[in-house]
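Asker: starting from these lines, generate the structure:
(2 chains)
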Amino acid sequence: MADTNLSLTPRLIQSGTTRPRQRTPLANGCLWLSVAGLAATMLIGRPELLALTAPFLVATLATLLVHRASRPDVVLRFESRRVIEGDRVDLHVEITSDVDLPRVEVEVEFSDGLTALSATRMIGSVSKERTAVFVFAAEASRWGMADITSIRVHTVDRFGMFSSRWDFRCSESLQVVLPDHRLRRGLTPDRYRRIVGGHVSTDRGEGLELADIRPFQPGDAAKNINWRISNRRGEPWVTLRHPDQSATLVVVVDLDDDQDLDGTGTRRRATSGALALARNHLALQDRVGLLIVGRNRRWIPPELGTSHLYRLGDALVTVGNTPGASMRSYQPAPAGAIPSNAIIVAFSPLTDPLVVGLLARLRRHGNPVSVIQPRRAADRPRYPTRRWIRREDHERLTARRLAELEVAVAVERLQDRSITVIPWSEDLPAEAVIDTLRRTQESVRRTTGGRPVSA
Amino acid sequence: MSAPSNNTDLRALQGPGPICAALSVLLPAGLLAFMIATFDGQAVPLVAALAFILFLQAALAARSDAVSIAIAFTGFTLGLSDASFLTMAIAGATLFLTFVLHDLSLSLRRQPAVSTEFVRGLASTTAGVIIVGWILAGAAFVIANLTVWPALVVPVAIVAVGLFVFIGLQQLIDNSESSDPKMN
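Answerer: You can find the predicted model right below:
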């Protein structure tokens, strides 16, 4: 029976290289050998020669009698458009025909994000009015957008005389998403919205968490009177509580990394961390917005809900691991569109002065800004200890030192503007880095008495 | 629509392409060796060597035209020799099998997974063609050896069949793209 899990049936678009019916080399050979054999039989006058050419003649005659042209129906099915990196993807190519197709060759080609686990070419048969299923297995090997670039169906008739070829391409791309990294705790905002949420605010108001008790003052609600303490003290006292509030978080993701040629180093961690943070805060009823900077800049305004998380994930995957994302072509980010009460967390290697400038601008705008700086292993200094080095090594090292100096200057520039910069080395999980950021923010808040630090 | 057929046996025969290519050389090589050993004449080893080189080139370079020419050479040599009907029939079957194997080796490039159903179908079709060919050739041979018949009927019948095949096939090819609305 057909697999009911294979719910997705993308449209197959026929491409221009389709060849409906062609004679095969076998047909040409059989035809000319038959004719030559018959002619030789007549000319030489030896009927034995007919035995030599008989199979070729029979195959040619039988083709004329049996062959029926047909166009097979090709359907592609797979389970889901969204797969997690490392997962197996089964692609079912279903072929149905109104005539027998004794030889059907199906070949699929994948783009970079998919690695074939089985043969990418299969040869089988399709019986009349039956559906043959050719299952191709692939692994979602790299996050980003992955395509089934072509599906080639080649049919040959029973005697191998006529062949037809249909080329298709799949109308839909697969989204290879990163595995979930769930955080136990997100960040503690220092500014809130007037909407109930999952954060315990330091303010006083309606909530569950006990904050303080104090004598009753005019304007206090009678429901807040703590009767037990009031009886003991002989005057009315009220219980104060911390309100449960929500915040607005804007995640800025710098997907540009000019040095990261394979596109998986800092971009991958930036995407993974951003999604983990967004997931955690959306679960706490926070609004989360996303600003992707790089060639394909994208701004997704803050929203609530699980569907919004998918929207953010889609945007990161679509933009994040495409070749264009590694080519910097800066466009000004909509700093004015970011709400003034939003807390901003940026994931950036800080290698681009334009992104550094953008973060400084956002800080000037009044928003609290923190930066998590994914660093590649190659960012750590690895200078040769030997005295003699080649000229190109020397140039490379000088360039590296200059780049490191630029990043150090950028970090210093941001820190001067009260922006917390937390380096994220490859061996650290996202949770540890976000924990460090939270603790740093809380420590700064304790130092300043909870007052926002001016830029 | 009926249920999809199972293709779990597809991996079973993965990678027989080089075997087919090798067989498409070894089979005619055996035939050519037999010819050299059996038939007299200075041209036989020369033509056999040439045909072998062509078979080898066809297998290595995936050239179907080279197979056709090599088969023509082999057939021409057999035609000039005094081969018996049985020898001719076996040689015809071998050459046809060589052609089929060569064609199959082209299909089996790049290590595809092959279903056993397809291999069974191909084997039975090839065997059927060879057997029917033998029967027809045998019948024609018997008729041709009759006293008066061969002089008239056999050549005329052969020419008629040949023309029928040629014209019919060309007609089929010409009409294939325009007559079938599904193809356009």
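Asker: for the residue nearest the centre of chain B, what are its contacts?
Answerer: With distances taken as Cα atoms, centre = their mean, B:Phe96 lies nearest the centre of chain B, 2.0 Å away. Listed by Cβ atoms under 8 Å, 6 or more residues apart in numbering or on different chains, the contact set of B:Phe96 reads A:55-56, A:59, B:126, B:129-130, B:133. The way it works is simple: take the backbone N, C-alpha and C, and place the C-beta from them, glycine included.
Asker: burial check on residue 143, number of neighbours?
Answerer: Here I'm looking at chain A. For A:Trp143, the count of nearby residues is 26 (other Cβ atoms under 10 Å in any protein chain shown).
Asker: I was after chain B.
Answerer: Number of residues near B:Ile143 (other Cβ under 10 Å) recorded here: 14.
Asker: that one belongs to a strand?
Answerer: No - counting by DSSP: H, G, I helix; E, B strand; the rest coil, B:Ile143 is not found in a strand; it is helix.
Asker: just the pLDDT at it, thanks.
Answerer: With respect to pLDDT, B:Ile143 scores 75.
Asker: then A:Asp256?
Answerer: What the model reports as pLDDT for A:Asp256 is 69.
Asker: sec struct for the residue nearest to B:Leu78 when sequence neighbours are not counted, please.
Answerer: What sits nearest to B:Leu78 in space, not counting adjacent residues and going by Cβ to Cβ, 6 or more residues apart in numbering or on different chains, is B:Ala91, at 5.6 Å. Three-state call for B:Ala91 (three-state DSSP): helix.
Asker: surely B:Ala91 and B:Ala83 touch.
Answerer: Yes - B:Ala91 is within contact range of B:Ala83, at 7.1 Å (criterion: Cβ atoms under 8 Å).
Asker: surely A:Leu240 is in a helix?
Answerer: No - A:Leu240 is assigned strand when assessed by three-state DSSP, not a helix.
Asker: who does it bridge with?
Answerer: Bridge pairing for A:Leu240 (DSSP bridges) gives the partners A:Asp212.
Asker: quick one: it from A:Thr202, how far?
Answerer: A:Leu240 sits 12 Å away from A:Thr202 when distances are taken as Cβ to Cβ, to the nearest Å.
Asker: if we can go back for a sec, ok, so of the contacts of B:Phe96, who is nearest A:Arg142?
Answerer: For those, the residue nearest A:Arg142 by Cβ to Cβ is B:Thr126; the value is 44.5 Å.
Asker: what about the closest one, helix or strand, and which?
Answerer: B:Thr126 belongs to helix B:116-144 when assigned by DSSP states H and E.
Asker: per-domain residue ranges of chain A.
Answerer: Per automatic domain parsing, the structural domains of chain A span A:12-31+A:68-177, A:208-242, A:248-448.
Asker: between those domains, which gets the lowest average pLDDT?
Answerer: Mean pLDDT is lowest for domain A:248-448 out of the domains of chain A, coming in at a mean of 79.
Asker: so A:Met176 makes contact with A:Asp147?
Answerer: Let me fix one detail, which is that residue A:176 is Val and not Met. No - look at A:Val176 against A:Asp147 with Cβ under 8 Å: they stay out of range, at 10.7 Å.
Asker: what's near enough to touch B:Leu104?
Answerer: By Cβ under 8 Å, 6+ apart, B:Leu104 lies in contact with B:20, B:122.
Asker: compare A:Val176 and A:Asp147 (neighbour count), which wins?
Answerer: Shown here are A:Val176 and A:Asp147; by other Cβ under 10 Å, A:Val176 has more neighbours (24 against 16).
Asker: neighbouring strands of the helix or strand hosting the more buried one in the sheet, and parallel or not?
Answerer: Assessed by DSSP H and E, A:Val176 sits inside strand A:174-177. Using DSSP bridges, strand A:174-177 pairs in its sheet with strand A:82-84 (parallel), strand A:144-146 (antiparallel).
Asker: which residues does residue 65 contact?
Answerer: Using chain A here. Per Cβ under 8 Å, 6+ apart, neighbours of A:Leu65: none.
Asker: oops, chain B please
Answerer: B:Asp65 touches A:25, A:28-29, counting by Cβ under 8 Å, 6+ apart.
Asker: so which of those are also by chain B?
Answerer: A:25, A:28-29 (Cβ under 8 Å from any Cβ of the partner chain).
Asker: which strand or helix spans A:Val135?
Answerer: strand A:131-140.
Asker: what sits against residue 94?
Answerer: Chain wasn't specified; assuming chain A. A:Glu94 sits next to A:2, A:74-77, A:131-134, B:4 when contact means Cβ under 8 Å, 6+ apart.
Asker: wrong one, I was asking about chain B
Answerer: By Cβ under 8 Å, 6+ apart, the neighbours of B:Thr94 are B:27-28, B:30-31.
Asker: now, which of those residues sits nearest chain A?
Answerer: B:Leu31 (11.1 Å; Cβ to the nearest Cβ).
Asker: so what's the backbone phi/psi at the closest residue to that closest one other than its chain neighbours?
Answerer: Leaving aside its chain neighbours, B:Leu31 sits nearest to B:Thr94 (5.0 Å; criterion: Cβ to Cβ, 6+ apart). Phi and psi for B:Thr94, reported as degrees, to the nearest 10, are phi -60, psi -40.
Asker: does A:Ser118 touch A:Glu139 like I think?
Answerer: No - in terms of Cβ under 8 Å, A:Ser118 does not count as a neighbour of A:Glu139; the distance is 10.3 Å.
Asker: dump the residue contacts of A:Ile419.
Answerer: A:359-360, A:363, A:369-371.
Asker: and the residues you listed, which is closest to A:Pro215?
Answerer: Closest to A:Pro215, out of all of these and judged by Cβ to Cβ, is A:Ser370, at 39.6 Å.
Asker: just give the number of residues close to the closest one.
Answerer: Around A:Ser370 there are 22 other residues, counting by other Cβ under 10 Å.
Asker: ok, A:Ser150 touching A:Glu109?
Answerer: Yes - A:Ser150 is in contact with A:Glu109 according to Cβ under 8 Å; the separation is 4.6 Å.
Asker: next, format the contacts of B:Phe96 as JSON lines and append neighbour count, distance to A:Arg185 and pLDDT.
Answerer: Shown next, in JSON lines, are the contacts of B:Phe96 (neighbours: other Cβ atoms under 10 Å in any protein chain shown; distance: Cβ to Cβ, whole Å; pLDDT from 0 to 100):
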{"residue": "A:Pro55", "neighbour count": "30", "distance to A:Arg185": "78", "pLDDT": "90"}
{"residue": "A:Phe56", "neighbour count": "29", "distance to A:Arg185": "79", "pLDDT": "90"}
{"residue": "A:Ala59", "neighbour count": "30", "distance to A:Arg185": "75", "pLDDT": "89"}
{"residue": "B:Thr126", "neighbour count": "21", "distance to A:Arg185": "71", "pLDDT": "92"}
{"residue": "B:Val129", "neighbour count": "26", "distance to A:Arg185": "75", "pLDDT": "92"}
{"residue": "B:Ile130", "neighbour count": "22", "distance to A:Arg185": "77", "pLDDT": "92"}
{"residue": "B:Gly133", "neighbour count": "25", "distance to A:Arg185": "81", "pLDDT": "90"}
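Asker: what's the farthest-apart pair in these?
Answerer: Top of the distance list for these (Cβ to Cβ): A:Phe56 and B:Thr126, 12.0 Å.
Asker: the closest residue in space to A:Arg191 that isn't next to it in sequence: neighbour count?
Answerer: Nearest non-adjacent residue to A:Arg191, counting by Cβ to Cβ, 6+ apart: A:Asn341, 4.9 Å away. Per other Cβ under 10 Å, the neighbour tally for A:Asn341 reads 16.
Asker: just the strands paired with strand A:174-177: most buried one?
Answerer: Of all those, strand A:144-146 carries the top mean neighbour count, a mean of 24, counting by mean count of other Cβ atoms under 10 Å in any protein chain shown.
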